[in-house]
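J.: Return atomic coordinates for the entry below.
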Amino acid sequence: MNNHPKFVLIGQPNSGKSTLFNVLSDKKANTSNYPGTTINISETQVNIYGEVLTIVDLPGVYSLNPTYKSEEITYDYLINNNVDLIINVVDASLLARGLELSIELIEFGLPMVIALNMIDEAENHGIIIDEKKLEQKLGVPVIPIVSIHGKGVKDLIEFCRDFFNKNDYKSKKLEYTHHLEVFIEELTRKIEKLEKGVPSSRFYAIKAIENNSLLPKHIYSSIVDLSREMSKENSQMHRLEPFETVSYERHHLAMKLSEEVSTYTERKKRHWLEKVDDVLLSPILGYFTLFFFFLLYFLTIFIVGNFISSLIEPPLTYIGSTFDSLKNTRPFLWYTLNGAYRGVYGILGIVLPYFFPLIFLTSIFEDTGYLSRVAFLLDSLMHKIGLHGKSVVPFILGFGCSVPAMYATRTIENKRDRMVTGLLIPFIPCSARITVIFVFTAAFTGPFWAFIIFVFVLFVIAINGKLLTRFLSQPIGLIIEIPRLKLPTVSNSFSKTWMRLREFLKEAFIFLLLGSIILGWIEYFDIVKYVDLIFAPLVNGIMGLPDQLGSTLIFGFFRKELILVMMTQSLGVNTITELGSMISISQIVIFIIFVTLYFPCFTTFVVILKEFGWKVVALSSILSIFVATLSAFLFRLLFLIF
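T.: Numbering: from 1, shown residues only. Just a heads-up that it's a prediction; the model follows:
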């Protein structure tokens, strides 16, 4: 625990909140041009002229009336933690929408500053905002910034520090229309007798009308009768549910404020990115663009990965040959060193050459905002195979990593649909499994078989989705924010790439190194044959693969990339290309199919347990092992026939 002033960043999804957090700190929160990137809470400390401040990045929210898990996290944090100042990040180019959350935060009653972000984009679209007038209307300071370029950020944090130290903040009452204010005022007076402080009595009064389940028990029990009576009267007057009335009023007030402080100028011509966006979202050209996007995406990874691998392999091979003489003179030391060498070789020579271009390209496409457009285009296709429209977004994220994809299922309101999506995500090839596919196909089969494997995996997902959703209600329509198309910044893409590489190396290096050494010891003491014997009915009996590959599946449970290293280790070769003398191309394809579809990695296993519970974990395990085994067996039959 520390006693440093705590400032929290709150804003709507895609407002640039996490980008601001990254500029303020040396840490890197995951930022993208994609709604709801921040899922967990990030925290750091910054030193401003000798004064230490704690900065907290909360998940993006549209309101303080929780609907999604991310909104629950943010609301609970505000209620249960001592927050000294709110920095409300607002997208200046979407001012009216952003002000709806700002109004709620002002009602909450904490000292607050508005960081008016993306002011440059607003001006590029002909929107001029009078910050001083907005400040006067809201009663809170407004500081214009451009977080992605760091413009105004230093001024913002220094102002926040000085503003907090003055300790003279007084919230301004933003009034709704008369009939609603009468209800709010009466409830406010009653709540003030019960509790004073933060959240404000006015905030609780509005929540009593909007969603009384958010009220503390002692307040709820004292005003529940009055709250219900007012809600009933409101419904009779407006023919709307109470929460709809409050939402409408807040929206109307935000629109009014936005119009009063904004000046709109006519643009001479449309930006070229807007014309590109018309093509990307076209009902015809959009699908052609989507096809070429994925084709270019995978071919680039394939070509760049091959090139990097060819540069790294010769020096690594030379290093491995320097201790060959120890094999006969000091065998235990040789098995230890050789195991460690294969672990290092696996990281630098096998995994990283394909993993680096994969995550770099993914970072670029995340920053452009194209992923939302992919979700939009694929929505109708997903409905045809029985999936919920919102499942598209977690599926797209799943090609990067299954963990954030699992967290992204929180946006799916229907529990059954969310569970089905969670069961299907482990089948999607994450970056680790894509690396495995590319390494093997680059060495032996070429890009054609990589394409065949991806098509087959998508077919498996479609069939499982259709079967799992057969007895569920029809999926509802997709509602997704499509952010403005942007040019990615190379610095941000490299920063995210380095962050993900660092996380991978931190997690995988110890597993790879120790795993390789342990496997070397298992070879030395001849224990591996007993491990392989356990898996022999599956590996050899059903899939027709060498018995020695059984032990690799254990390591693959911890990290899928480990399979690449452990496979060479198990078969007694130094490089992937040498595997050609040990197993056939058909066996390699069968092995890839099984590895791509079988049980998810340990981290994903933990997240499924956390998000869904033991029953779904058990079902996911049984389903993935069954599907992977059946698929591998079918491919074996096809190779035997043809």
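J.: wait, what's in contact with residue 513?
T.: Contact analysis of residue 513 by Cβ atoms under 8 Å, 6 or more residues apart in numbering lists 340, 343, 344. Backbone N, C-alpha and C define where each C-beta goes, glycine included.
J.: Any figure for the gap between the first one and residue 281?
T.: Applying Cβ to Cβ, to the nearest Å, one obtains 51 Å for the distance of residue 340 from residue 281.
J.: With residue 557 instead?
T.: Relative to residue 281, and taking Cβ to Cβ, residue 557 is found at 41 Å.
J.: Residue 40 now?
T.: From residue 40 to residue 281 the distance is 31 Å (Cβ to Cβ).
J.: More neighbours: which of the two?
T.: Neighbour comparison, residue 40 and residue 281: the larger count goes to residue 281, with 16 against 13 (by other Cβ atoms under 10 Å).
J.: How about the backbone phi and psi for that one?
T.: Note on residue 281: backbone dihedrals following degrees, to the nearest 10 are phi -100, psi 0.
J.: Repeat that for residue 112.
T.: In terms of degrees, to the nearest 10, the main-chain angles of residue 112 are phi -150, psi 140.
J.: for stretch 128-138, which positions count as buried?
T.: Buried residues in stretch 128-138, counted by 16 or more other Cβ atoms under 10 Å: 129, 131, 134, 135, 137, 138.
J.: Can you tell me which of those residues end up in strands?
T.: Of the buried residues of stretch 128-138, the ones assigned to strands by DSSP state E are residue 129.
J.: Return the member of the buried residues of stretch 128-138 nearest to residue 571.
T.: The closest of these to residue 571 turns out to be residue 129 (Cβ to Cβ; 64.8 Å).
J.: Let me know how buried the closest residue to that closest one other than its chain neighbours is, in neighbour terms.
T.: Nearest residue to residue 129 in three dimensions, chain neighbours excluded: residue 262, at 5.4 Å (Cβ to Cβ, 6 or more residues apart in numbering). Neighbour count for residue 262, taken as other Cβ under 10 Å: 17.
J.: from memory residue 262 sits against residue 127, does it?
T.: Yes - look at residue 262 against residue 127 with Cβ atoms under 8 Å: they come within range, at 5.8 Å.
J.: Give me the common contacts of those two.
T.: The contact sets of residue 262 and residue 127 overlap at residue 95 (Cβ under 8 Å, 6+ apart).
J.: Wait, residue 399 touches residue 430, no?
T.: Yes - proximity of residue 399 to residue 430 meets the contact threshold set by Cβ under 8 Å, at 6.8 Å.
J.: And the two? Which one has more around it.
T.: residue 430 (24 against 20).
J.: The more buried one: what's it in contact with?
T.: By Cβ under 8 Å, 6+ apart, the contact list for residue 430 reads 398, 399, 400, 401, 402, 560, 601.
J.: now do residue 297
T.: Counting by Cβ under 8 Å, 6+ apart, the residues that residue 297 touches are 361, 365.
J.: give me that answer again for 10 Å
T.: Counting by Cβ atoms under 10 Å, 6 or more residues apart in numbering, residue 297 touches 357, 358, 361, 362, 364, 365, 399.
J.: With residue 592 instead?
T.: Contacts were defined as Cβ under 10 Å, 6+ apart; by that measure residue 592 touches 429, 433, 436-437, 439-441, 444-445, 449-450, 453, 563, 632, 635.
J.: re earlier: make a markdown table out of the contacts of residue 297 and add secondary structure.
T.: Converted to a markdown table, the contacts of residue 297 look like this (DSSP: H, G, I helix; E, B strand; the rest coil):
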| residue | secondary structure |
| --- | --- |
| 357 | helix |
| 358 | helix |
| 361 | helix |
| 362 | helix |
| 364 | helix |
| 365 | helix |
| 399 | coil |
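J.: Please convert the residues you listed to TSV, extending it with pLDDT and distance to residue 641.
T.: Shown next, in TSV, are those (pLDDT from 0 to 100; distance: Cβ to Cβ, whole Å):
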residue	pLDDT	distance to residue 641
357	83	37
358	76	34
361	83	37
362	77	38
364	84	43
365	79	39
399	78	32
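J.: List the residues that contact residue 431.
T.: The contact partners of residue 431, taken as Cβ under 10 Å, 6+ apart, are 301, 354-355, 358-359, 362, 398-402, 500, 504, 560-561.
J.: Endpoints of stretch 555-566, how far apart?
T.: Counting by Cα to Cα, to the nearest Å, you get 7 Å between the two ends of stretch 555-566.
J.: just stretch 554-568 next, same as before
T.: End-to-end distance of stretch 554-568 (Cα to Cα): 15 Å.
J.: pLDDT on it, on average?
T.: In this model, stretch 554-568 has a mean pLDDT of 73.
J.: sorry, back to before: which one among the contacts of residue 592 gets closest to residue 582?
T.: Checking the contacts of residue 592 against residue 582 with Cβ to Cβ, the nearest one is residue 444 at 11.6 Å.
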